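Participant: Have a look; sequence and predicted model below, questions after that.
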Amino acid sequence: MSTITNQRSPMRALPVRLAVTALVAALALTACDSSKSGSADKSGDSGKSKNTAECTLGIKVGPANAATTAGDTGNVPVTLTNDGSRPCTFQGFPAIELTGGDTGWKVPDQEGANPDKVTLQKGDTATFTITYVRGKTGGTDSAAAKNVKITVPGAGDAHSYPWSYGEVTLKGGKTPDASVSPIQVAGD
């Protein structure tokens, strides 16, 4: 009497494993290869770019040269570090929105700035700066910002950080008297 066992032949499973491994590798390379210069896609007239592949970035807000009195100008540097294993390439301005409660104010791009293409290898850093004019506390022409939402082109969804630099003056009651510089390699 012979016993039939249900054992898979290693030879039969090998092609399936290889096919799955090849598929996963192909998808990973497609999703992570942001070094292609043609992958930037301008959205609207804002000068903001979005890569088709996302980068893994560490984002550090500050320390700032905060404006302490209404009418003073402050600067908030933001440092980006490539925490991923692949290069990150982007060009443009980060999308910045100041928020307070249910209200949001989009910060315009720095006028006259021409963004360069920036490529960060693993561990490299880049920066950009949010420049703002301090508003009068409780003023009708002030944005009572509590957080800043930052979207870096090619780095996925927006992330929110505390805004501890006071209210921001509003121009025309809607637009912050502020700007964001283009992303540049740290030290430039």
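Facilitator: Looks like it arrived, so ask away.

Participant: From here on, just use CA atoms for contacts and neighbour counts.
Facilitator: Noted.

Participant: In whatever helix or strand W105 lives in, which residues are buried?
Facilitator: Using DSSP states H and E, W105 sits in strand 103-107. By 16 or more other C-alpha atoms under 10 Å, the buried positions in strand 103-107 come out as G104, W105, K106, V107.

Participant: Also stretch 90-107?
Facilitator: For stretch 90-107, by 16+ other C-alpha under 10 Å, it's 90-100, 104-107.

Participant: and what of stretch 160-177?
Facilitator: S160, Y161, W163, Y165, G166, E167, V168, T169, L170, T175, P176, D177.

Participant: Ok, stretch 64-71 next?
Facilitator: Those would be A64, A66, A67, A70, for stretch 64-71 by 16+ other C-alpha under 10 Å.

Participant: Return the residues in contact with the closest residue to the second one other than its chain neighbours.
Facilitator: Counting by C-alpha to C-alpha, 6 or more residues apart in numbering, G74 is the residue found nearest to A66 once chain neighbours are left out, at 4.6 Å. With contacts taken as C-alpha atoms under 8 Å, 6 or more residues apart in numbering, G74 has the following neighbours: A64, N65, A66, A67, T131, Y132, V133, R134.

Participant: Inside strands: which ones of these?
Facilitator: If you go by DSSP state E, the contacts of G74 have T131, Y132, V133 in strands.

Participant: Skip the chain neighbours and tell me the closest residue to the first one.
Facilitator: Closest residue in space to T131, ignoring its immediate chain neighbours: N75 at 4.5 Å, by C-alpha to C-alpha, 6+ apart.

Participant: Three-state assignment for that neighbour, please.
Facilitator: strand (DSSP: H, G, I helix; E, B strand; the rest coil).

Participant: Thanks a lot, catch you later.
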